[in-house]
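J.: fold the following and give me the result.
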Amino acid sequence: MRTVEEDFWSLDMQQRDAVFAELRRRPALSDEPLPRPLGSPPAAPYRSVVRYDDVWMVSRRPDVFVSRYGTNIDDDPPEFEDFFGSMLNMDDPVHARLRSIVARAFSPKQIAALEGLVTTVAAEVVDAAIETVGSGDGDFVDLFAQPLPLTIIMSMLGVPAADHALLRSLTDEILGLSHPDGEDPYDTIARAGRTLYDYAQELAVERRKRPPADDVIGTLVHAEVDGERLTPQEFGAFTVLLVVAGNETTRTAIAHGMDALARFPDQRELWFGAFDAHARTAVDEIVRWATPVLYFRRTAAVDTTLGGTEIAAGERLVMWYCSANRDESVFADPHRFDVRRGLQPMQVGFGGGGPHFCLGANLARAEIRAMFDQLARRLPNLTTGPVELAGTDFVHGVRAMPCTLGQPIPY
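T.: Purely as a prediction, here's the structure:
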């Protein structure tokens, strides 16, 4: 029998937002914990940051609201430090040093070089889907949303095709989207994280034997800042972050984006009828609508005030991006999917600005655009059924979404 907690995170965002909307109307930040997913222990005390302006304030004041105590609601166990101790959980100057190194792998030059690969892989994904089911039925996540970002991130890392399924499985286990029957969820996350971390170390050892290459792993293992390179732990933890974030978040956005177009057929007709004209705003609207990462946490480093509330040093603040992206004081008619919605104010699906803004934002945008470009031109009759949400409170994951391809258009 499903619990209230599991039901809450399995509800449609419009239904969940009734709770967030009530919190946004309160004059002060709530310290009432939101429901937790099934099997989760009670959360450590925290305050919910639910209004758009407050999320931006917390994001852009890293001197006041710090990351070093963790970005999940609860503290990670000490044994997670090696493989999950990435720059997400760091503050300057350590964060700035590390980001300056890894940012080289996501420079405009690197992303521009990847655009051809993204376009090619998107076409191959559609080819494979048509070959697999023809005009018939399948699962949209398995056929379209999952293969594109997984293939791209694996290509960036130089992971052999034979290992793609393993890394996808590890990603799902780390995020709580799946775990083997009978295994404790905590043990699943720890085992999967360690396995992925060890895999990354093997990649690094192999790539250090080669001359520097113009790709992500080559950049990371050879890059220096002021004579310093990434330590093995830093490299391993960042690779874990890259695999998990680069796979799951874009997969989630593509799935929710297709679902949004099914809910709002007028917007699908508008966009697909003039794809390039609306692509830039449509892609960001997909990210706003999907909000793949539901929250990140910060901790107050000093006594301060936020959202009409006195905050004591040491208090946890959870930035609910899913709420900020539905803030009716900022986004007109926020529960309407609108491919022409302006780019300002900026949605917070990639974070609310500041030093932790998503490094892979432009890569994710390129992947989303390429996938929907292929769908618009080659599968204009594709239809989808209701999404099955993962039911977690961290990622807005989609487990499954039935689809029927319809008659494809020749490439």
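
J.: so which residues make contact with stretch 162-175?
T.: Applying C-beta atoms under 8 Å, 6 or more residues apart in numbering, the contact partners of stretch 162-175 are 146, 150-151, 154, 159, 178-179, 188-189, 191-193, 195-196, 199, 240, 243-244, 247-248, 390, 392, 394-395, 397. In short, each C-beta sits where N, CA and C put it, glycine included.

J.: for the stretch 101-250 of the chain, give me the ranges with low pLDDT.
T.: By pLDDT under 70, the low-scoring segments of the stretch 101-250 of the chain are 212-215, 224-226.

J.: now do the same contact list for the most centrally placed residue in the chain.
T.: Nearest to the mean C-alpha position of the chain, by C-alpha atoms, centre = their mean, lies residue 249 at 2.8 Å. Applying C-beta under 8 Å, 6+ apart, we find residue 249 in contact with 149, 292, 293, 360, 364, 395.

J.: ok so, going back, list only buried entries from the contacts of stretch 162-175.
T.: Neighbour-count burial (16 or more other C-beta atoms under 10 Å) applied to the contacts of stretch 162-175 gives 146, 150-151, 154, 159, 179, 188-189, 191-193, 195-196, 199, 240, 243-244, 247-248, 390, 392, 394-395, 397.

J.: isn't residue 179 right up against residue 188?
T.: Yes. Contact criterion C-beta atoms under 8 Å: residue 179 and residue 188 qualify, at 3.7 Å.

J.: excluding chain neighbours, what is closest to residue 301?
T.: Excluding its sequence neighbours, the residue lying closest to residue 301 (C-beta to C-beta, 6 or more residues apart in numbering) is residue 66, at 4.8 Å.

J.: same question for residue 352.
T.: Among residues not flanking residue 352 along the chain, residue 59 sits closest, at 3.3 Å (C-beta to C-beta, 6+ apart).

J.: go on, residue 306?
T.: residue 54 (6.0 Å).

J.: state the distance from the one you found to residue 302.
T.: Using C-beta to C-beta, to the nearest Å, we find residue 54 at a distance of 17 Å from residue 302.

J.: who has more neighbours out of those two?
T.: residue 54 (24 against 12; other C-beta atoms under 10 Å).

J.: distance of that one from residue 378?
T.: 43 Å.

J.: show me what whichever helix or strand residue 111 is part of packs onto, helices and strands only.
T.: Secondary-structure assignment from DSSP states H and E places residue 111 in helix 108-133. When contacts are defined as 3 or more C-beta pairs under 8 Å, 6 or more residues apart in numbering; DSSP states H and E, helix 108-133 sits against helix 147-157, helix 361-378.

J.: surely the residue nearest to residue 352 meets residue 350?
T.: No. Taking contacts as C-beta under 8 Å, residue 59 lies outside contact range of residue 350: 10.6 Å.

J.: mutual contacts of the two, please.
T.: Taking C-beta under 8 Å, 6+ apart as the criterion, residue 59 and residue 350 both touch residue 357.

J.: which residues touch residue 232?
T.: The neighbours of residue 232, taking C-beta under 8 Å, 6+ apart as the test, are 201, 204.

J.: backbone torsions only: list them for it.
T.: With angles defined as degrees, to the nearest 10, residue 232 sits at phi -50, psi -40.

J.: just the CA coordinates of stretch 395-411, formatted as PDB?
T.: C-alpha atoms of stretch 395-411 as PDB (Å, rounded to 0.1, in the frame of the first residue of the first chain):
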ATOM      1  CA  VAL A 395      15.200  14.500  -9.200                       C
ATOM      2  CA  HIS A 396      11.900  14.900 -11.200                       C
ATOM      3  CA  GLY A 397      12.700  11.600 -12.900                       C
ATOM      4  CA  VAL A 398      10.400   9.800 -15.300                       C
ATOM      5  CA  ARG A 399      10.400   6.000 -15.100                       C
ATOM      6  CA  ALA A 400       8.300   5.400 -18.200                       C
ATOM      7  CA  MET A 401       6.000   7.000 -20.700                       C
ATOM      8  CA  PRO A 402       4.200   4.900 -23.300                       C
ATOM      9  CA  CYS A 403       4.300   6.100 -26.900                       C
ATOM     10  CA  THR A 404       3.200   5.300 -30.400                       C
ATOM     11  CA  LEU A 405       5.500   6.400 -33.100                       C
ATOM     12  CA  GLY A 406       3.000   6.700 -36.000                       C
ATOM     13  CA  GLN A 407       4.100   6.800 -39.600                       C
ATOM     14  CA  PRO A 408       7.600   8.100 -39.800                       C
ATOM     15  CA  ILE A 409       8.800  10.600 -42.400                       C
ATOM     16  CA  PRO A 410      11.900   9.500 -44.300                       C
ATOM     17  CA  TYR A 411      15.200  11.200 -43.200                       C
END
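
J.: what residues of it count as buried?
T.: Residues 395, 396, 397, 398, 399, 400, 401, 403, 404, 405, 408 are the ones in stretch 395-411 that count as buried (16+ other C-beta under 10 Å).

J.: from the chain's centre, how far out is it? Work that out for me.
T.: Relative to its chain's centre, stretch 395-411 lies at 19 Å (C-alpha atoms, centre = their mean, to the nearest Å).

J.: now stretch 96-115
T.: Its chain's C-alpha centre and that of stretch 96-115 lie 18 Å apart, by C-alpha atoms, centre = their mean.

J.: cool, and stretch 369-376?
T.: The answer for stretch 369-376 is 19 Å, by C-alpha atoms, centre = their mean.

J.: quick one: residues in contact with that stretch.
T.: Residues outside stretch 369-376 that contact it (C-beta under 8 Å, 6+ apart): 118-119, 121-123, 125-126, 144-145, 148, 254, 257-258, 271-272, 275, 279, 282-283, 382.

J.: and the closest residue to residue 304 other than its chain neighbours, how many neighbours?
T.: Closest residue in space to residue 304, ignoring its immediate chain neighbours: residue 311 at 5.0 Å, by C-beta to C-beta, 6+ apart. Residue 311: 20 surrounding residues under other C-beta under 10 Å.
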